[in-house]
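Asker: can't give you the sequence, but here's the structure:
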């Protein structure tokens, strides 16, 4: 049992991989056949939740209870920015839209570190500010995406959508940063024990701020893609992706207390949540289930995942204390 527990802790992606398989089989049982196209469709639909989940993962990994509640608002703001700026110059507009997300993340990080405001409070307040900016500015901004960019991100390469490939490239790049660079080592060290990392010479404040900046840029990029795929920007564009992205973050193996991440786990976590949503939608229509059952099931699932993550973090602290 000890070896099994150690194995599961080392490879947290096992759970969402198994979960994805289970929901794929359940969809097949409901529809009467296992069609591989279901997986490709689920992967395409999971794109935006995956980018938000990766952004959330890097923030949560920084530790100290950090979480970003402004994500969907950053996504929406950057979606409007992309549809407006790409009409002037496509490449520059894309870059500026992503950078706007980075600036939002920078503000979150600076307030959290230098003003000592908890990340949850900081990002919640920032989210309301960004939403107000969207409400005031939306009537003066373009909402339709650039046609060339839409064609680029919505075509397929064989059975795989371009947006899925783009998300895979982003995830791979983030994995290299987190697991093959000094910054990645610093981030995990800060997440495990912030004060100990500081005493060891790690620039903790800068490390956490960079995590928020990268998270904001990923949210911004998700907004750019969402505006193109969804046919334009609108005020509640990011709302549908928040709950699946949070669930994907933690079911993928990200520890709620920080210090542990799994890019592969989060990728399959997003796929699993997409398959779960497809299964519940199919079951609702075929078996006349009550309206809103999907949100109830997904919300309950997220609560269970958070409880397991928090209890796991508490167990780790107890073991470290016993060893000390």
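Answerer: Right, received. Where do you want to start? Predicted model only: the values in this text are computed from it and were never measured.

Asker: which residue packs closest to the most centrally placed residue in the chain, ignoring adjacent ones?
Answerer: The residue lying closest to the centre of the chain (CA atoms, centre = their mean) is residue 53, at 1.2 Å. Spatially, and ignoring its direct neighbours in sequence, residue 53 is nearest to residue 248 (3.9 Å; CB to CB, 6 or more residues apart in numbering). For glycine as for every other residue, the C-beta is placed from the backbone atoms N, C-alpha and C.

Asker: on that earlier part again, isn't the residue nearest to the centre of the chain right up against residue 270?
Answerer: Yes. In this structure, residue 53 is within contact of residue 270 by CB atoms under 8 Å, at 5.4 Å.

Asker: Report the contact partners of residue 193.
Answerer: Residues near residue 193 by CB atoms under 8 Å, 6 or more residues apart in numbering: 63, 259.

Asker: Let's see that with 10 Å instead.
Answerer: Contact analysis of residue 193 by CB atoms under 10 Å, 6 or more residues apart in numbering lists 63, 199-200, 258-259, 320.

Asker: so which pair among the residues you listed is furthest apart in space?
Answerer: Across the contacts of residue 193, the longest distance by CB to CB is 17.1 Å; it joins 199 and 258.

Asker: Show me which of the two is the more surrounded one.
Answerer: For the pair residue 199 and residue 258, the greater number of neighbours falls to residue 258 (25 against 10), based on other CB atoms under 10 Å.

Asker: Can you tell me how far the more buried one is from residue 24?
Answerer: 32 Å (CB to CB, to the nearest Å).

Asker: Check residue 230 too.
Answerer: In terms of CB to CB, residue 230 sits 25 Å off from residue 24.

Asker: more neighbours, those two?
Answerer: A count of neighbours by other CB under 10 Å puts residue 24 above the other of residue 230 and residue 24, at 21 against 14.

Asker: Which residue lies closest in space to the more buried one, excluding its sequence neighbours?
Answerer: Nearest-residue entry for residue 24: residue 275, 5.9 Å, with adjacent residues in sequence omitted and distances by CB to CB, 6+ apart.

Asker: Counting neighbours, what do you get for that neighbour?
Answerer: For residue 275, the count of nearby residues is 26 (other CB under 10 Å).

Asker: three-state assignment of it?
Answerer: Here residue 275 takes the helix state, with states given by DSSP: H, G, I helix; E, B strand; the rest coil.

Asker: Please identify the helix or strand for the residue nearest to the centre of the chain.
Answerer: helix 47-61 (DSSP states H and E).

Asker: could you say what helices and strands that helix packs with?
Answerer: If you count contacts as 3 or more CB pairs under 10 Å, 6 or more residues apart in numbering; DSSP states H and E, helix 47-61 packs onto helix 71-85, helix 90-114, helix 119-137, helix 162-180, helix 182-192, helix 204-229, helix 239-251, helix 263-287.

Asker: by how many degrees do it and helix 162-180 diverge?
Answerer: For helix 47-61 against helix 162-180, the angle by axes from the mean of the first three to the mean of the last three CA atoms, to 10 degrees is 20 degrees.

Asker: Return the angle between stretch directions for helix 47-61 and helix 263-287.
Answerer: Using the same axes, to 10 degrees: helix 47-61 against helix 263-287 is 130 degrees.

Asker: can you start the count at 49 instead of 1 from here on
Answerer: I'll keep to 49 as the first residue from here, and by that count the last item is helix 95-109.

Asker: In this protein, where is pLDDT below threshold?
Answerer: Along the chain, the model assigns pLDDT under 70 to residues 49-50, 52-53, 56, 339-340, 354, 356-372.

Asker: swap the cut-off to 80 and go again
Answerer: In the predicted model of the chain, residues 49-58, 332-347, 349-351, 353-372 satisfy pLDDT under 80.

Asker: which residues touch the closest residue to residue 329 other than its chain neighbours?
Answerer: Of all residues not flanking residue 329 in the chain, residue 342 sits nearest, at 6.6 Å (CB to CB, 6+ apart). Going by CB under 10 Å, 6+ apart, residue 342 touches 324-325, 327-329, 331-332.
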